[in-house]
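Trainee: model the structure of this input:
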Amino acid sequence: MKTAFVFTVDVESMSGGQPSRDIWGELPGQDGSFGIERIMDLLEAGGARGTFFLNVYEIAKHGEEPIARAARLIHSRGHDLELHTHPRPMYTFYGMSQAPLGEQEAILRKGISLLESWTGKKAIAHRAGAFSANINTLRAVGREGLLADCSLSAGSRVFVPLVHELGVANVMQKVQGVWEIPATCFNQVRVGSWSSRRVLDIEGCSLPEIKRVTRRAIRKGIPSVCILMHSFSLSRSGRPNPRVMHRLEALLAWLSRQKDIEISTVEKISRSLVGKDGPHASEYIPVTGFWLTWCRALRCWNDGWKNLAVAAAGTACLLILTVILVDLGRMLAQFR
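Mentor: Now for the predicted structure:
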């Protein structure tokens with residue numbers, strides 16, 4: 001059985017942002033766009049379709065036209081259109097887990113209705129904004145007729161309620177009658193019981209890290225690998241991000257050559273699981289190791305203080321090791 005590799009794209013405007021920039025990727029002084037259209041172009045060129053989780057609640061802030069247009073375009077191009085919940089523009093809750101069960105049901109019902117009114121397609125899956133879902137969210141997802149939730153992300157830097165309620169997992173599991181399909185996580189470095197964990201992300205991970213996580217997941221029999229993207233993944237600070245575009249193209253080319261991998265969507269996986277009982281959650285978390293972490297940090301040393309710190313620390317360790325080996329070599333030479 002092939003492992004399903006899923007490109008999941010959260011389609012939303014950043015806080016203080018606009019759909020024109022963060023969803024459509026219209027950047028000042030740039031020809032073309034670097035949002036969802038370019039992402040779909042790249043996926044399709046690689047023979048793939050993605051799952052796009054659309055935050056419909058932005059219509060209360062930005063108007064219906066840009067959000068409805070995004071929904072129609074994603075659906076018309078044959079990609080998987082599903083529901084993303086950042087409810088604050090319409091409701092008083094920042095995240096789903098802050099709302100009681102009845103309110104969560106109402107939020108989902110509204111989102112499902114909007115997507116269906118724009119495209120004629122009824123959503124079957126959900127991802128909570130900022131991964132802010134809890135067990136009540138899964139109950140609400142099931143009661144509103146959805147098949148799957150994709151809010152479990154043990155590698156995120158934010159607080160994820162489901163991680164504390166369900167545990168760390170990379171394997172799909174059935175909870176409250178709903179399939180929970182997690183965003184894949186891995187450990188960059190592990191020393192004893194301590195580990196530095198992160199989510200598999202097209203922006204934050206290097207291609208060698210993504211490959212290693214995928215191959216190790218396959219080796220351990222994990223049935224799906226879900227990588228995280230955003231509608232603004234191909235741009236950075238108002239400019240195109242060619243590094244991420246090249247990484248996505250290279251990843252698609254590599255996946256196309258793997259005989260034990262099938263690029264899939266959340267919808268395909270969910271429909272194939274109807275009526276089935278899932279495997280028990282696995283706590284297996286792939287480890288990429290210090291070397292790949294350091295190599296990534298070296299390439300991106302000027303992209304955030306963490307990369308700079310890791311690059312500097314790794315370089316310092318390498319220099320110290322070199323000095324030790326040189327001194328050891330001199331000592332051995334004296335005994336000859």
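Trainee: buried sites along stretch 56-63?
Mentor: By 16 or more other Cβ atoms under 10 Å, the buried positions in stretch 56-63 come out as Val56, Tyr57, Glu58, Ile59, His62. Using the backbone N, CA and C atoms, a C-beta is placed for each residue, glycine as well.
Trainee: any chance of those residues in JSON lines, plus distance to Arg243?
Mentor: What follows is the buried residues of stretch 56-63, written out as JSON lines (distance: Cβ to Cβ, whole Å):
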{"residue": "Val56", "distance to Arg243": "31"}
{"residue": "Tyr57", "distance to Arg243": "31"}
{"residue": "Glu58", "distance to Arg243": "28"}
{"residue": "Ile59", "distance to Arg243": "33"}
{"residue": "His62", "distance to Arg243": "29"}
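Trainee: nearest to Lys268 among those?
Mentor: Val56 (22.2 Å; Cβ to Cβ).
Trainee: OK, contacts around the closest one?
Mentor: Ile67, Ala71, Leu83, His84, Lys110, Gly111, Leu114, Leu115 (Cβ atoms under 8 Å, 6 or more residues apart in numbering).
Trainee: next one: Arg197
Mentor: Ala154, Gly155, Cys185, Phe186, Asn187, Gln188, Ile285 are the contacts of Arg197 under Cβ under 8 Å, 6+ apart.
Trainee: that's a strand at it, yeah?
Mentor: Yes - when classified by DSSP: H, G, I helix; E, B strand; the rest coil, Arg197 is found to be part of a strand.
Trainee: related to what we said a few turns ago, narrow the buried residues of stretch 56-63 to those in helices?
Mentor: Ile59, His62 (DSSP state H).
Trainee: widest-spaced pair of the contacts of Arg197?
Mentor: Top of the distance list for the contacts of Arg197 (Cβ to Cβ): Ala154 and Gln188, 13.3 Å.
Trainee: isn't Gln188 right up against Trp294?
Mentor: No - using Cβ atoms under 8 Å as the test, Gln188 is too far from Trp294 to be in contact (9.7 Å).
Trainee: quick one: the strands in the stretch 201-336 of the chain?
Mentor: Using DSSP state E, counting those that start in this stretch, the strands of the stretch 201-336 of the chain run over 224-230, 235-236, 239-240, 261-264.
Trainee: looking at those, which has the lowest confidence?
Mentor: Between these, the lowest average pLDDT goes to strand 235-236, which shows a mean of 92.
Trainee: give the partner strands of it in its sheet and their orientations.
Mentor: In the sheet, strand 235-236 lines up against strand 239-240 (antiparallel) (DSSP bridges).
Trainee: just to revisit the earlier point, with distance to Gly221 and pLDDT added, can I get the buried residues of stretch 56-63 in CSV?
Mentor: Shown next, in CSV, are the buried residues of stretch 56-63 (distance: Cβ to Cβ, whole Å; pLDDT from 0 to 100):
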residue, distance to Gly221, pLDDT
Val56, 36, 98
Tyr57, 38, 98
Glu58, 39, 97
Ile59, 42, 98
His62, 43, 97
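Trainee: just give me the closest of the buried residues of stretch 56-63 to Ile181.
Mentor: Each of the buried residues of stretch 56-63 was checked against Ile181 using Cβ to Cβ; the closest is Val56, at 20.4 Å.
Trainee: can you tell me how far that closest one is from Cys205?
Mentor: For Val56, the distance to Cys205 (Cβ to Cβ, to the nearest Å) stands at 28 Å.
Trainee: got it, and Val274?
Mentor: According to Cβ to Cβ, Val274 and Cys205 sit 32 Å apart.
Trainee: that older thread, same list (the contacts of Arg197) but as a markdown table, adding distance to Ser235.
Mentor: Below are these laid out as a markdown table (distance: Cβ to Cβ, whole Å):
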| residue | distance to Ser235 |
| --- | --- |
| Ala154 | 27 |
| Gly155 | 23 |
| Cys185 | 25 |
| Phe186 | 25 |
| Asn187 | 29 |
| Gln188 | 25 |
| Ile285 | 30 |
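Trainee: closest to Pro19 out of the residues you listed?
Mentor: Using Cβ to Cβ, the contacts of Arg197 come closest to Pro19 at Gly155, 27.6 Å.
Trainee: mind listing what the closest one touches?
Mentor: Here Gly155 is in contact with Ala183, Thr184, Cys185, Phe186, Arg197, Arg198, Val199, Leu200 (criterion: Cβ under 8 Å, 6+ apart).
Trainee: quick check, pLDDT for the first one.
Mentor: Ala183 is assigned a predicted lDDT (pLDDT) of 98.
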